[in-house]
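> pasted the sequence and its predicted model underneath.
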Amino acid sequence: MEYKNLLYSKEENIALITLNRPKVLNALNLEIITELHNLLDEVAMDEEVKAVIITGGEKVFAAGADIPFMLGLTPTEAEKLATAFHATFDRIESLDKPVIAAIAGFALGGGCELSLACDLRLATEDAKFGQPEINLGVIPGAGGTQRLSRLIGVARSKDLIYTGKIIDAQTALSYGLVNEIVSNEDLLAKAKKLAKGLASKGPVALAAAKKAINYGIEVDKYTGNCFERQCFALLFSTQDQKEGMNAFLEKRKAQFKGN
Ligand code: HXC
(Lines give C-alpha, C1' and ligand atoms only; values in the text may rest on other atoms or scores of the structure.)
Protein backbone atom coordinates (compact mmCIF):
# COMPACT_ATOMS: atom_id res chain seq x y z
CA MET A 1 0.00 0.00 0.00
CA GLU A 2 1.14 3.57 -0.74
CA TYR A 3 1.31 6.06 2.12
CA LYS A 4 1.29 9.83 1.57
CA ASN A 5 2.55 10.86 4.99
CA LEU A 6 4.69 7.88 5.97
CA LEU A 7 7.82 6.21 4.67
CA TYR A 8 7.98 2.47 5.11
CA SER A 9 10.82 0.02 4.67
CA LYS A 10 11.77 -3.44 5.84
CA GLU A 11 15.30 -4.51 6.64
CA GLU A 12 15.67 -8.17 7.49
CA ASN A 13 13.01 -8.68 10.18
CA ILE A 14 12.70 -5.03 11.14
CA ALA A 15 9.93 -2.69 9.98
CA LEU A 16 10.91 0.99 9.88
CA ILE A 17 8.06 3.50 9.90
CA THR A 18 9.01 7.16 9.40
CA LEU A 19 6.54 9.99 9.93
CA ASN A 20 6.95 12.22 6.89
CA ARG A 21 5.47 15.70 7.20
CA PRO A 22 8.77 17.55 7.75
CA LYS A 23 7.45 21.01 6.81
CA VAL A 24 5.14 21.00 9.82
CA LEU A 25 7.48 19.08 12.15
CA ASN A 26 5.52 15.87 11.52
CA ALA A 27 2.33 17.37 12.95
CA LEU A 28 -0.26 14.63 13.20
CA ASN A 29 -3.53 15.08 11.31
CA LEU A 30 -6.31 12.58 10.77
CA GLU A 31 -4.78 11.40 7.49
CA ILE A 32 -1.37 10.43 8.93
CA ILE A 33 -2.98 8.83 11.98
CA THR A 34 -5.26 6.74 9.72
CA GLU A 35 -2.34 5.78 7.50
CA LEU A 36 -0.34 4.73 10.56
CA HIS A 37 -3.22 2.57 11.76
CA ASN A 38 -3.52 0.89 8.34
CA LEU A 39 0.23 0.32 8.17
CA LEU A 40 0.25 -1.22 11.66
CA ASP A 41 -2.48 -3.62 10.52
CA GLU A 42 -0.27 -4.52 7.54
CA VAL A 43 2.77 -5.01 9.80
CA ALA A 44 0.71 -7.15 12.20
CA MET A 45 -0.08 -9.62 9.40
CA ASP A 46 3.47 -9.69 8.02
CA GLU A 47 5.15 -12.74 9.51
CA GLU A 48 8.57 -11.57 8.36
CA VAL A 49 8.40 -8.58 10.70
CA LYS A 50 9.63 -9.33 14.20
CA ALA A 51 10.14 -5.80 15.56
CA VAL A 52 9.06 -2.30 14.59
CA ILE A 53 10.72 1.11 14.79
CA ILE A 54 8.69 4.31 14.63
CA THR A 55 10.68 7.49 14.04
CA GLY A 56 10.24 11.01 12.76
CA GLY A 57 13.68 11.05 11.18
CA GLU A 58 16.83 12.89 12.26
CA LYS A 59 15.39 16.29 13.22
CA VAL A 60 12.01 15.92 14.88
CA PHE A 61 9.77 13.14 16.15
CA ALA A 62 6.40 14.95 16.05
CA ALA A 63 5.30 18.37 17.29
CA GLY A 64 1.84 17.12 18.19
CA ALA A 65 -1.56 17.07 16.61
CA ASP A 66 -2.01 19.43 13.65
CA ILE A 67 -3.14 22.72 15.21
CA PRO A 68 -4.72 24.37 12.12
CA PHE A 69 -6.58 21.11 11.50
CA MET A 70 -7.98 21.19 15.05
CA LEU A 71 -8.81 24.91 15.23
CA GLY A 72 -12.38 24.83 13.90
CA LEU A 73 -13.46 21.40 15.14
CA THR A 74 -16.82 20.99 16.86
CA PRO A 75 -16.85 18.90 20.07
CA THR A 76 -18.23 15.97 18.08
CA GLU A 77 -15.46 16.25 15.49
CA ALA A 78 -12.86 16.61 18.26
CA GLU A 79 -14.13 13.42 19.84
CA LYS A 80 -13.86 11.64 16.47
CA LEU A 81 -10.30 12.89 16.10
CA ALA A 82 -9.35 11.80 19.62
CA THR A 83 -10.97 8.41 19.01
CA ALA A 84 -8.88 7.95 15.86
CA PHE A 85 -5.68 8.82 17.77
CA HIS A 86 -6.65 6.44 20.56
CA ALA A 87 -7.40 3.61 18.12
CA THR A 88 -4.03 3.99 16.40
CA PHE A 89 -2.04 4.24 19.62
CA ASP A 90 -3.98 1.29 21.10
CA ARG A 91 -3.03 -0.61 17.92
CA ILE A 92 0.63 -0.09 18.77
CA GLU A 93 0.00 -1.47 22.25
CA SER A 94 -1.98 -4.44 20.95
CA LEU A 95 0.54 -5.27 18.22
CA ASP A 96 2.10 -8.61 19.11
CA LYS A 97 5.57 -7.33 18.15
CA PRO A 98 7.81 -4.95 20.08
CA VAL A 99 7.68 -1.32 18.95
CA ILE A 100 10.60 1.06 19.51
CA ALA A 101 10.20 4.83 19.28
CA ALA A 102 13.39 6.44 17.93
CA ILE A 103 13.08 10.07 18.93
CA ALA A 104 15.11 13.05 17.77
CA GLY A 105 14.09 16.64 18.50
CA PHE A 106 10.57 17.51 19.61
CA ALA A 107 8.11 14.89 20.86
CA LEU A 108 5.28 17.15 21.97
CA GLY A 109 1.58 16.70 22.61
CA GLY A 110 0.30 13.90 20.37
CA GLY A 111 3.94 13.23 19.39
CA CYS A 112 4.84 12.51 23.00
CA GLU A 113 1.66 10.43 23.31
CA LEU A 114 2.67 8.41 20.23
CA SER A 115 6.02 7.63 21.85
CA LEU A 116 4.26 6.63 25.08
CA ALA A 117 2.27 3.95 23.26
CA CYS A 118 5.51 2.33 22.06
CA ASP A 119 7.23 -0.33 24.15
CA LEU A 120 10.66 1.28 24.35
CA ARG A 121 11.89 4.82 23.72
CA LEU A 122 15.37 5.81 22.49
CA ALA A 123 16.02 9.54 22.47
CA THR A 124 18.78 11.73 21.10
CA GLU A 125 20.64 14.18 23.33
CA ASP A 126 18.62 17.05 21.82
CA ALA A 127 15.22 15.35 22.19
CA LYS A 128 12.54 17.37 23.96
CA PHE A 129 9.37 16.07 25.52
CA GLY A 130 6.21 17.77 26.71
CA GLN A 131 2.45 17.94 26.81
CA PRO A 132 1.93 21.63 25.98
CA GLU A 133 -1.80 21.32 25.18
CA ILE A 134 -2.70 23.49 28.19
CA ASN A 135 -1.21 26.46 26.31
CA LEU A 136 -3.73 25.84 23.51
CA GLY A 137 -6.64 25.77 25.94
CA VAL A 138 -7.00 21.98 25.82
CA ILE A 139 -5.51 18.87 27.44
CA PRO A 140 -3.82 15.77 26.03
CA GLY A 141 -6.44 13.81 24.10
CA ALA A 142 -4.49 10.86 22.74
CA GLY A 143 -3.93 8.91 25.94
CA GLY A 144 -1.40 11.26 27.55
CA THR A 145 -3.22 11.72 30.85
CA GLN A 146 -3.33 7.94 31.24
CA ARG A 147 -0.12 6.58 29.74
CA LEU A 148 2.13 9.35 31.06
CA SER A 149 0.90 8.96 34.65
CA ARG A 150 1.27 5.19 34.49
CA LEU A 151 4.82 5.55 33.16
CA ILE A 152 6.27 8.41 35.22
CA GLY A 153 3.76 8.78 38.07
CA VAL A 154 0.92 11.15 38.82
CA ALA A 155 2.96 14.00 40.36
CA ARG A 156 5.35 14.38 37.44
CA SER A 157 2.53 13.98 34.91
CA LYS A 158 0.51 16.72 36.59
CA ASP A 159 3.57 18.95 36.56
CA LEU A 160 4.08 18.40 32.81
CA ILE A 161 0.40 18.55 31.84
CA TYR A 162 -0.60 21.50 34.08
CA THR A 163 2.40 23.67 33.22
CA GLY A 164 2.94 22.58 29.60
CA LYS A 165 6.68 22.70 30.28
CA ILE A 166 9.11 21.05 27.90
CA ILE A 167 11.80 18.80 29.35
CA ASP A 168 15.11 17.73 27.86
CA ALA A 169 16.27 14.18 27.21
CA GLN A 170 18.27 13.92 30.47
CA THR A 171 15.22 14.88 32.53
CA ALA A 172 13.08 12.47 30.51
CA LEU A 173 15.62 9.73 31.25
CA SER A 174 15.60 10.53 34.96
CA TYR A 175 11.77 10.32 34.91
CA GLY A 176 11.85 6.91 33.20
CA LEU A 177 10.13 8.46 30.17
CA VAL A 178 12.93 7.25 27.89
CA ASN A 179 14.97 4.08 28.13
CA GLU A 180 18.22 5.40 26.74
CA ILE A 181 19.85 8.53 25.32
CA VAL A 182 21.98 8.16 22.20
CA SER A 183 23.84 10.57 19.96
CA ASN A 184 21.97 12.00 16.96
CA GLU A 185 24.23 10.15 14.51
CA ASP A 186 23.62 6.85 16.29
CA LEU A 187 19.85 7.05 16.72
CA LEU A 188 18.75 4.82 13.86
CA ALA A 189 21.70 2.44 14.14
CA LYS A 190 21.04 1.97 17.88
CA ALA A 191 17.31 1.51 17.30
CA LYS A 192 18.02 -1.11 14.62
CA LYS A 193 20.51 -2.90 16.86
CA LEU A 194 17.96 -3.03 19.66
CA ALA A 195 15.24 -4.17 17.22
CA LYS A 196 17.50 -6.89 15.80
CA GLY A 197 18.26 -8.13 19.31
CA LEU A 198 14.53 -8.36 20.02
CA ALA A 199 13.92 -10.02 16.65
CA SER A 200 16.26 -12.84 17.70
CA LYS A 201 14.12 -13.68 20.75
CA GLY A 202 11.14 -16.01 20.66
CA PRO A 203 8.32 -13.93 19.13
CA VAL A 204 5.58 -15.84 20.96
CA ALA A 205 7.30 -15.28 24.31
CA LEU A 206 7.89 -11.60 23.48
CA ALA A 207 4.22 -11.15 22.55
CA ALA A 208 3.21 -12.86 25.79
CA ALA A 209 5.51 -10.60 27.83
CA LYS A 210 4.04 -7.50 26.14
CA LYS A 211 0.49 -8.68 26.79
CA ALA A 212 1.19 -9.64 30.41
CA ILE A 213 2.75 -6.24 31.17
CA ASN A 214 0.22 -4.09 29.24
CA TYR A 215 -2.80 -6.00 30.55
CA GLY A 216 -1.38 -6.55 34.02
CA ILE A 217 -0.81 -2.87 34.69
CA GLU A 218 -4.52 -2.16 34.07
CA VAL A 219 -5.88 -4.70 36.55
CA ASP A 220 -5.35 -5.57 40.21
CA LYS A 221 -2.18 -7.49 41.12
CA TYR A 222 -4.02 -10.76 41.75
CA THR A 223 -5.66 -10.73 38.31
CA GLY A 224 -2.42 -9.58 36.68
CA ASN A 225 -0.43 -12.36 38.30
CA CYS A 226 -3.11 -14.86 37.33
CA PHE A 227 -2.88 -13.71 33.69
CA GLU A 228 0.91 -13.90 33.86
CA ARG A 229 0.73 -17.53 35.02
CA GLN A 230 -1.61 -18.42 32.15
CA CYS A 231 0.72 -16.78 29.62
CA PHE A 232 3.69 -18.56 31.17
CA ALA A 233 1.90 -21.93 31.06
CA LEU A 234 0.75 -21.47 27.45
CA LEU A 235 4.34 -20.96 26.31
CA PHE A 236 5.02 -24.59 27.26
CA SER A 237 2.91 -25.55 24.25
CA THR A 238 5.47 -23.95 21.90
CA GLN A 239 8.49 -25.39 20.12
CA ASP A 240 10.32 -22.21 21.06
CA GLN A 241 10.16 -23.16 24.75
CA LYS A 242 11.69 -26.58 23.99
CA GLU A 243 14.29 -24.97 21.73
CA GLY A 244 15.21 -22.28 24.28
CA MET A 245 15.69 -24.72 27.13
CA ASN A 246 17.45 -27.36 25.01
CA ALA A 247 19.77 -24.70 23.60
CA PHE A 248 20.72 -23.68 27.14
CA LEU A 249 21.50 -27.27 28.10
CA GLU A 250 23.44 -27.85 24.88
CA LYS A 251 25.38 -24.60 25.40
CA ARG A 252 24.36 -23.09 22.05
CA LYS A 253 22.34 -20.08 20.89
CA ALA A 254 18.63 -20.79 20.56
CA GLN A 255 17.06 -20.58 17.11
CA PHE A 256 13.50 -19.48 17.74
CA LYS A 257 10.94 -20.09 15.00
CA GLY A 258 7.85 -18.48 16.49
CA ASN A 259 5.83 -21.64 16.93
C1 HXC B 1 0.74 22.20 12.87
C2 HXC B 1 2.87 22.83 13.33
C3 HXC B 1 2.82 22.24 14.61
C4 HXC B 1 1.60 21.59 14.98
C5 HXC B 1 4.76 23.10 14.36
N6 HXC B 1 4.09 23.35 13.23
N7 HXC B 1 4.00 22.43 15.23
N8 HXC B 1 1.86 22.83 12.47
N9 HXC B 1 0.59 21.62 14.07
N10 HXC B 1 1.46 20.96 16.14
C11 HXC B 1 4.57 24.09 12.05
C12 HXC B 1 4.70 25.57 12.34
O13 HXC B 1 3.46 26.22 12.22
C14 HXC B 1 5.68 26.00 11.28
O15 HXC B 1 5.03 26.12 10.03
C16 HXC B 1 6.60 24.79 11.16
O17 HXC B 1 5.88 23.68 11.71
C18 HXC B 1 7.89 24.96 11.97
O19 HXC B 1 7.50 25.29 13.30
P20 HXC B 1 8.11 26.55 14.09
O21 HXC B 1 7.18 26.88 15.17
O22 HXC B 1 8.45 27.64 13.15
O23 HXC B 1 9.46 25.91 14.66
P24 HXC B 1 10.20 26.29 16.01
O25 HXC B 1 10.28 27.79 16.19
O26 HXC B 1 11.47 25.51 15.95
O27 HXC B 1 9.30 25.75 17.19
C28 HXC B 1 9.09 24.34 17.31
C29 HXC B 1 7.96 24.07 18.31
C30 HXC B 1 6.70 24.86 17.92
C31 HXC B 1 8.42 24.46 19.72
C32 HXC B 1 7.73 22.55 18.28
O33 HXC B 1 6.45 24.63 16.54
C34 HXC B 1 5.50 24.47 18.70
O35 HXC B 1 5.32 24.90 19.84
N36 HXC B 1 4.61 23.69 18.07
C37 HXC B 1 3.33 23.32 18.68
C38 HXC B 1 3.53 22.25 19.74
C39 HXC B 1 2.21 21.87 20.41
O40 HXC B 1 1.55 22.75 21.04
N41 HXC B 1 1.84 20.62 20.31
C42 HXC B 1 0.58 20.08 20.93
C43 HXC B 1 -0.51 20.10 19.92
S44 HXC B 1 -2.04 19.58 20.59
P45 HXC B 1 5.18 27.46 9.14
O46 HXC B 1 4.22 27.24 8.02
O47 HXC B 1 4.89 28.61 10.02
O48 HXC B 1 6.62 27.40 8.72
C49 HXC B 1 -1.94 17.91 20.58
C50 HXC B 1 -3.20 17.17 21.04
C51 HXC B 1 -3.11 15.69 20.78
O52 HXC B 1 -0.99 17.32 20.21
C53 HXC B 1 -4.45 15.03 20.94
C54 HXC B 1 -5.15 14.74 19.68
C55 HXC B 1 -6.40 13.94 19.79
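Cool, got the structure. Residues are numbered from 1 along each chain as shown.
> interface residues of the stretch 51-200 of the chain facing the ligand?
Within the stretch 51-200 of the chain, the residues that sit near the ligand (Cβ under 6 Å from any ligand atom) are 63-68, 81-82, 85, 106, 108-110, 132-133, 136, 140-142. Glycine gets a C-beta too; all of them are placed from N, C-alpha and C.
> among those residues, name the ones in strands.
Of the positions in these, 106, 108 sit in strands, assigned by DSSP state E.
> please spell out the ChimeraX selection for the buried subset of the residues of the stretch 51-200 of the chain next to the ligand.
Buried subset of these, written as a ChimeraX selection, criterion 16 or more other Cβ atoms under 10 Å:
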select :63,64,65,66,81,82,85,106,108,109,110,132,133,140,141,142
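> measure how buried residue 98 is and give me the count.
23 (other Cβ atoms under 10 Å).
> do the same with residue 13
Neighbours of residue 13 using other Cβ under 10 Å come to 18.
> was I right about it contacting residue 52?
No. Contact criterion Cβ atoms under 8 Å: residue 13 and residue 52 do not qualify, at 10.1 Å.
> mind checking how far the residue in the chain sticking out farthest from the centre is from the ligand?
In the chain, the greatest distance from the average C-alpha position (Cα atoms, centre = their mean) is reached by residue 250, at 35.9 Å. Going from residue 250 to the ligand by Cβ to the nearest ligand atom, to the nearest Å gives 51 Å.
> check the gap between that residue and residue 237 for me.
Residue 250 sits 22 Å away from residue 237, going by Cβ to Cβ, to the nearest Å.
> where does residue 257 sit: helix, strand or coil?
coil (DSSP: H, G, I helix; E, B strand; the rest coil).
> and the helix of greatest length in the chain, what does it pack against?
Counting by DSSP state H, the longest helix found in the chain is helix 75-94. With contacts taken as 3 or more Cβ pairs under 8 Å, 6 or more residues apart in numbering; DSSP states H and E, helix 75-94 sits against helix 30-45, helix 110-117.
> what comes into contact with it?
For helix 75-94, contacts defined as Cβ atoms under 8 Å, 6 or more residues apart in numbering pick out 28, 30, 33-34, 36-37, 40-41, 44, 54, 65, 70, 73, 99, 110, 113-114, 116-118, 141-143, 147, 214.
> buried subset of the residues you listed as a ChimeraX selection?
Filtering the contacts of helix 75-94 down to the buried ones (16+ other Cβ under 10 Å) takes a single ChimeraX command:
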select :28,30,33,36,37,40,54,65,70,99,110,113,114,116,117,118,141,142,143,147
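> from residue 194, how far off is the residue nearest to residue 201 when sequence neighbours are not counted?
In space, and not counting its chain neighbours, residue 201 is closest to residue 256: 6.5 Å by Cβ to Cβ, 6 or more residues apart in numbering. Counting by Cβ to Cβ, the gap from residue 256 to residue 194 is 17 Å.
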